[in-house]
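Asker: Just a sequence and a predicted model for now, questions to come.
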Amino acid sequence: MATADDGTRGIRDEDTRDRSFLGEVKDAVSGRAALLMIGVLALTALFIASYAGAFHSPKPKDVPLAVVAPQQMGGQLVERLDKLPGSPLDPRTAPSEADATRQIKERDIDGALIVDPRGSTDKLLVASGSGASLSQAVEQVVTQAEKAQKRTVQVQDVAPADKDDTRGLSSFYLVVGWCVGGYLCAAILAISFGARPTNLKRAVIRLGALAVYSVFTGLAGAVVIGPILGALPGSLFGLWGLGALIVFAVGAATFAFQAVAGIIGIGLTILLVVIAGNPSAGGAYPYPLLPDFWRAIGPALPPGAGTWAARSIAYFHGNAVTGPLLVLSAWAVAGTVLTLVFASLTKGRAAVNRSEVRQ
């Protein structure tokens, strides 16, 4: 026989709970939330360590520099520059100023010293399109070395940054925006119905949606940075294609991490792209100014590969983009394959991780 609920059942249930302070804490902060907070704490510490470690004391190290001089003088000068304290330069001889200029524009070297054997004033070729901090560092090191020999230098910028991109950072910010768009899109698609795709069909749909989004996001970034702001020159279609590839590569990598680790995969993407990738991208300080660790990992990560390619499109006529495009393509393909493989191994809704977020 049914009885009426006089409203006391809820009160009795409430009274049975642990009302101690520790009980309140356990009720307010679940074990899962505590673990996520610990993960965020670790990411915060790594963020500070990565950015401070990369940027706190930039110094040039083994900057590729061509030397154009008469044979005997050139050999002696290369040897002297190679022995500068801290090894800021990696000098090598070049047959002519034209050849040195070609190497700079093909991004094989970052500067060239053209010696005038008949006078005491030499010419230094730089490329601020590779980053103003790098060209300034080369100028400072070479000027000091020349001063020690009672010589002076005149600086010529053979690949200058645009007047509205004076520090050469627009390409870096553009790529950062594309990377953020990639992992945010993947995260939104994931949390809307589970971090792990429940079947192969859903994974294909998510990847297809990401591909469409990537095309439009790549175009939006290229249009904003170029025609609207005038902050970066270069081919609109070239930047558009690069942007679409970056967004899809980062988004696909996010899907893959989510397929492996559930919602924690978003944190792994932040670790990869934001904490490791951005400081090592060569944006604020190009590779020769970064410590060894960041210089080593930067070209292999999406922000670094994207920044190099964007600068090449903007200032170097698309030279030296094959390697970075292959890196980005590898991330895109690997992310796609892993997402599909893990989705195909999932057996229905029961296989979805209990920790995934659903809305």
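Answerer: All right, it came through fine.

Asker: How about the contacts made by the residue nearest the centre of the chain?
Answerer: Per Cα atoms, centre = their mean, the C-alpha nearest to the average position across the chain is that of residue 303, at 1.8 Å. Going by Cβ atoms under 8 Å, 6 or more residues apart in numbering, residue 303 touches 172, 175-176, 179, 273, 277-278, 280-281, 283. (Each C-beta comes from the backbone N, C-alpha and C, glycine too.)

Asker: What is the nearest of these to residue 111?
Answerer: Residue 111 has its nearest neighbour among those in residue 283, at 19.4 Å by Cβ to Cβ.

Asker: Might you report the residue contacts of that closest one?
Answerer: Residue 283 makes contact with 131, 169, 171-173, 175-176, 303, 307, according to Cβ under 8 Å, 6+ apart.

Asker: A strand includes residue 67, no?
Answerer: Yes. Assessed with DSSP: H, G, I helix; E, B strand; the rest coil, residue 67 lies in a strand.

Asker: can I assume it is in contact with residue 109?
Answerer: No. Using Cβ atoms under 8 Å, residue 67 is not in contact with residue 109, being 10.2 Å away.

Asker: between the two, what contacts are shared?
Answerer: By Cβ under 8 Å, 6+ apart, the residues touching both residue 67 and residue 109 are residue 92.

Asker: In the stretch 151-300 of the chain, mark out all the strands, start to finish.
Answerer: 152-157 (DSSP state E, counting those that start in this stretch).

Asker: all helices of it, in order?
Answerer: Applying DSSP state H, counting those that start in this stretch to the stretch 151-300 of the chain gives helices spanning 170-191, 200-223, 236-261, 264-270, 292-297.

Asker: Of those, which shows the lowest average pLDDT?
Answerer: Among those, helix 264-270 has the lowest mean pLDDT, at a mean of 88.

Asker: For that helix, C-alpha coordinates in PDB please.
Answerer: Extracted in PDB, the C-alpha atoms of helix 264-270 (Å, rounded to 0.1, in the frame of the first residue of the first chain):
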ATOM      1  CA  ILE A 264      42.600  14.100 -20.100                       C
ATOM      2  CA  GLY A 265      43.600  14.200 -23.800                       C
ATOM      3  CA  ILE A 266      42.700  17.800 -24.000                       C
ATOM      4  CA  GLY A 267      45.300  18.500 -21.300                       C
ATOM      5  CA  LEU A 268      47.900  16.500 -23.200                       C
ATOM      6  CA  THR A 269      47.200  18.700 -26.300                       C
ATOM      7  CA  ILE A 270      47.700  21.800 -24.200                       C
END
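
Asker: Nice, that's everything, thank you.
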